[in-house]
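Student: return atomic coordinates for the entry below.
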Amino acid sequence: MIPSVETLIVLVVVTAVLALLLLSIYSIGPTQIGLVRKRFGAKLPGDNPVAFLGEAGYQAEVLMPGLRFKLFLSYAVTKHPWVQVPAGQIGVVIAQVGHALPIGAKSAVYKPEFGDFADLRGFIENGGQKGVQRPVLSPGTLAPIHPVAFLVITQPEVFGVPVSSDLSALARKGRLTFEAFGLEEKQLQVTRIAPHPTEGGKVLDMIGIVTALEGEPLPGGDIASRLGGFTDIEKLESSAGADAATDARLIETILGNQGDKHGAYQDFQKFLELGGKTGLQHDPLLYGAYNLNPFLVRVEEVPMLVVEQGQVAVIKAYVGLQSQDTSGVDFKFGSLVRPGHRGIWQEPLRTGKYPINPRCYQAVIVPTFIITLNWADVVSQAHNLDAQLKQIEAKSSEGFHFAIDLQVQIHIPDTQAPYVISMVGSVANLVNEVLQAAVGNHFRNKLQSMPAVKFIASRETVQQGAFEYVREELAKYRVETRGVYIQAVVLPEQLVEVLTQREIANQEVETYKMQRSAQDQRTETEKARGTADMQADLAKSQVGVDIQTNRTAARKMEAQGEATFIEQTGAAQGAQVRSVGLARAEAYERQVAALGQNATALVNAVEALSKSTVPFMPNTLVMGGGGDGGSLGGVMALLMRQLDAGLAQKPAPPQVSESELK
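Tutor: Numbers count the residues shown, from 1 in each chain. Down below sits the predicted model:
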């Protein structure tokens, strides 16, 4: 049976209605939203692309997950994913609806009512503005954000439907990425400040230097923004109390980070409300992870200031209060100031780690240990300050060229380090500009004023003179000199040859002396050997000497006794003879008186002959003739008589027994 026309019409209408109903029902997934676009209606006011009062275009209300009905003839619905920010990354929000930004503004004011931008109507009603939103979406955020009202930029994709023609063209070509907004991949990651490992297993401490891209301009003369300026330093200096304004307290206050007031630049709205200015920021970021808006904040990682043991850091401040010189009128090499003022701080930073902004403060590391500097090809590994120092080349008065290796030890007291840096700028300048010239010129002048040989011979004296000179020169810069040492002297070849020949001659002389000494020693040795060999004979002769000595002593004592005896005997005999003579003289005198002189003489002569042993007849009879023969005979008779008398008076020689000879 063929259906009637009316039936066909009804079927067509029912089918059309069913089809229309089916086309008007939308299934929104659990992580999707439905963007509704009204086909017909009044024109949207202004330049907002989203309708809030039923105008034609994209509607403010979106369809949430589930089955949703929107009449196909009046509305078109497109599905879009919820905004999802991956872990370790951030999402940057750009509003395409709202009030226009004020002239000069780079980002929109944020209010707590905006939440995570999922409530579009609340955003508009609370005065939301177009453009870059100051907060960012944190890692792991999952939110049903209106895809036309907001664009959300993440590293994997850009969420939303761009309104501008250039971005729409890129979106249609599938090339709408973060790069289209001038961002880099790293900028859409969570900013992490952490130590950096280096070669050799060491770790380099880091800080983050922040530059704000929005805010009020810096006051004239300032190069960095610090919340509240330096009014806290002024209050400390003007406050009473012994510990209120010490240099250590001022340094602690300056280095104190105020990032807690604005979440370390994460709450950029709070940062601006507290008076944060655009440009370089005084307070750096410390270790941690930060969700920073790349359109508003740029971060540069730099090494943290680390002052090792045996060092101090002299700070040159480019920010702070006006300079107030504390060095005194006698110091003519710049100004020293208290911490918190512009200039060179009078108090250095000692051993420690300091999160100080190197764009605001320049730290000059000054070693306070004893610095050894080598004027040679050797470079000290401890500091490398003598890398540019070379051998000192000088010329003697005769024109000989010398190369001198020198070592100088200096010390910079920590309390004098700010003065030293104020005078020379750095320790490298002290070495290369001051010390190198002073030492080199001293040795050149000294060597040129004396003969080469004298310089070599008086090396210790020259070294002591150099020490005194360098000490006086460095004392002008408040640096102590601990030692000046001549390590080696490279002599010219001609002088080396002359000195070598001279030394050879000297060595030969010494050799001859030693040979002579050896011969003398040999002689003494041979003498000692001969003495040892004759020791037995020497002992025997010594005994003989002792015997003879004792015998001589005995004979001497005997002779002395005999002499004494003879002396005593002679004295007695003399007395006897005198007595006898006197008696005889008296008797002769009486005989003469009694007998007469002639008779007395005859009587005594006869008496003497009778007592004498002399024979009346001579023992020797010399007979002679006349003439000279008689005289010769008389002489011979006299000689024979004397010979007989001598033989009679001579004692017999002493007899020595055989035992005494042994």
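Student: from here on, contacts and neighbour counts on C-alpha atoms
Tutor: Noted.
Student: next up, the contacts around Tyr318.
Tutor: By C-alpha atoms under 8 Å, 6 or more residues apart in numbering, the residues touching Tyr318 are Ile223, Arg342, Gly343, Cys360, Tyr361, Gln362.
Student: what is the neighbour count of the last one?
Tutor: Here the count is done by other C-alpha atoms under 10 Å, and Gln362 has 17 residues near it.
Student: quick one: it is in a helix?
Tutor: No - Gln362: not assigned to a helix; according to DSSP: H, G, I helix; E, B strand; the rest coil it is strand.
Student: you'd agree it is up against Val319?
Tutor: No - the criterion here is C-alpha atoms under 8 Å, and Gln362 misses it with Val319 at 10.7 Å.
Student: now, which of the contacts of Tyr318 sits nearest Met64?
Tutor: Lowest distance from Met64 to those (C-alpha to C-alpha) belongs to Ile223, with 50.4 Å.
Student: helix or strand: which one has that closest one?
Tutor: Per DSSP states H and E, Ile223 falls between elements, in no helix or strand.
Student: so what pLDDT did it get?
Tutor: According to the prediction, Ile223 has pLDDT 94.
Student: check the gap between it and Cys360 for me.
Tutor: According to C-alpha to C-alpha, to the nearest Å, Ile223 stands 8 Å off from Cys360.
Student: which residues do the two both contact?
Tutor: Residues touching both Ile223 and Cys360 (C-alpha under 8 Å, 6+ apart): Tyr318, Val319.
Student: from Val434, how far off is Glu472?
Tutor: Counting by C-alpha to C-alpha - Glu472 and Val434 are separated by 13 Å.
Student: then Gly425?
Tutor: Remark: distance between Gly425 and Val434 (C-alpha to C-alpha) = 11 Å.
Student: look up how far Val10 lies from Arg16.
Tutor: One thing to correct before we go on: residue 16 is Ala, not Arg. 10 Å.
Student: what does Ala518 give?
Tutor: For Ala518, the distance to Val10 (C-alpha to C-alpha) stands at 150 Å.
Student: swap in Val545?
Tutor: 179 Å.
Student: kindly report the same for His196.
Tutor: To Val10, His196 is 78 Å away according to C-alpha to C-alpha.
Student: can you check Leu183 too?
Tutor: Leu183 sits 60 Å away from Val10, going by C-alpha to C-alpha.
Student: so for these two, which sits in the more crowded spot?
Tutor: More crowded of Leu183 and Val10, by other C-alpha under 10 Å: Leu183, with 15 against 12.
Student: now the more buried one: which helix or strand?
Tutor: For Leu183, there is no host helix or strand (DSSP H and E).
Student: chain neighbours aside, what residue packs nearest to it?
Tutor: Leaving out its chain neighbours, the residue that sits closest to Leu183 by C-alpha to C-alpha, 6 or more residues apart in numbering is Pro294, at 7.6 Å.
Student: quick check on that neighbour: phi, psi?
Tutor: Dihedral angles of Pro294 (phi, psi; degrees, to the nearest 10) stand at phi -70, psi -20.
Student: you'd agree it is up against Leu188?
Tutor: Yes - taking C-alpha under 8 Å as the definition, Pro294 is a contact partner of Leu188 at 7.3 Å.
Student: which neighbours do those two have in common?
Tutor: Common contact partners of Pro294 and Leu188 (C-alpha under 8 Å, 6+ apart): none.
Student: please, which helix or strand holds Thr511?
Tutor: Using DSSP H and E, Thr511 sits within helix 493-533.
Student: past that helix, which element shows up next along the chain?
Tutor: Sequence-wise, the next helix or strand downstream of helix 493-533 (DSSP H and E) is helix 535-595.
Student: mean confidence score for that following helix?
Tutor: Across helix 535-595, the average pLDDT comes to 75.
Student: what do you get for stretch 52-59?
Tutor: In this model, stretch 52-59 has an average pLDDT of 92.
Student: chain center to it, what's the gap?
Tutor: Stretch 52-59 sits 77 Å away from the centroid of its parent chain (C-alpha atoms, centre = their mean, to the nearest Å).
Student: which among the contacts of Tyr318 gets closest to Pro45?
Tutor: Distances from Pro45 to the contacts of Tyr318, taken as C-alpha to C-alpha, are shortest for Ile223 (44.9 Å).
Student: isn't the closest one up against Val319?
Tutor: Yes - using C-alpha under 8 Å, Ile223 is in contact with Val319, at 7.0 Å.
Student: okay, these two: which has more neighbours?
Tutor: With neighbours defined as other C-alpha under 10 Å, Ile223 and Val319 compare such that Val319 has more, 23 against 17.
Student: before we move on, back to that, who touches both of Ile223 and Val319?
Tutor: Here Ile223 and Val319 share the contacting residues Cys360, scored by C-alpha under 8 Å, 6+ apart.
Student: burial of Phe52, as a residue count?
Tutor: Other residues lying near Phe52 total 17 when counted by other C-alpha under 10 Å.
Student: need the strands for the stretch 1-150 of the chain, in chain order.
Tutor: Secondary structure of the stretch 1-150 of the chain (DSSP state E, counting those that start in this stretch): strands at 25-28, 32-38, 50-51, 57-63, 66-69, 75-81, 83-84, 91-95, 131-137, 142-143, 150-153.
Student: with mean neighbour count and distance to Ala528 as new columns, can those strands be given to me in a markdown table?
Tutor: Shown next, in a markdown table, are the strands of the stretch 1-150 of the chain (neighbours: other C-alpha atoms under 10 Å; distance: least, C-alpha to C-alpha, whole Å):
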| stretch | mean neighbour count | distance to Ala528 |
| --- | --- | --- |
| strand 25-28 | 18 | 129 |
| strand 32-38 | 22 | 124 |
| strand 50-51 | 22 | 132 |
| strand 57-63 | 21 | 131 |
| strand 66-69 | 14 | 131 |
| strand 75-81 | 19 | 121 |
| strand 83-84 | 26 | 114 |
| strand 91-95 | 25 | 111 |
| strand 131-137 | 23 | 110 |
| strand 142-143 | 17 | 116 |
| strand 150-153 | 25 | 113 |
